[in-house]
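Enquirer: below is the structure, and that's it, no one-letter string:
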């Protein structure tokens, strides 16, 4: 197995485990919230934490989806183009996606600096910046996933 393929496989497994752990944590938090509410002693923090975990599942899952090429795309449109323009169009499309997520990472990081002094309403010891850190982190993970998928994209664009 080529080093790039081995890295891609390990990267995918790491993202899968992150998503699995986040989903399990979300299930535990929501279940605990329901049980405690049923017992008459509602947890004041569970809905805020569950919302954050759901956002994290979404963002990390999106990076995993990018690695698996599971996002909505238009590969059929690229295949219908004349062969000489397929690769440039595919490269341009990938460059646009990477540029968008680079911008998202940069803006997301800038927002973290603004939120550095804020804390969660129900858990004042937890910084809002920590909760929102998923945006720049997952944007970088998405860029890595796109870069790792680029050889496959180019191979598909070169097919007759």
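Expert: Great, that's in hand. Quick caveat: nothing in here was measured; it's all calculated off a predicted structure.

Enquirer: for the residue lying farthest from the centre of the chain, grab phi and psi.
Expert: Distance from the C-alpha centroid of the chain, by CA atoms, centre = their mean, peaks at residue 40 (36.4 Å). In terms of degrees, to the nearest 10, the main-chain angles of residue 40 are phi 90, psi 10.

Enquirer: mind listing what's buried along the helix ranked longest in the chain?
Expert: With secondary structure taken from DSSP state H, the chain has its longest helix at helix 3-38. Across helix 3-38, burial judged by 16 or more other CB atoms under 10 Å covers 8, 11-12, 15, 18-19, 22-23, 26, 29-30, 33. The C-beta positions use only the backbone N, C-alpha and C, and glycine is treated the same way.

Enquirer: before we move on, the earlier item: could you tell me the per-residue confidence at the residue farthest from the centre of the chain?
Expert: Note on residue 40: pLDDT of 92.

Enquirer: now residue 127: phi and psi?
Expert: Residue 127 has phi and psi values of phi -70, psi 140 when expressed as degrees, to the nearest 10.

Enquirer: hey, what's it bridged with?
Expert: Per DSSP bridges, the residues bridged to residue 127 are residue 119.
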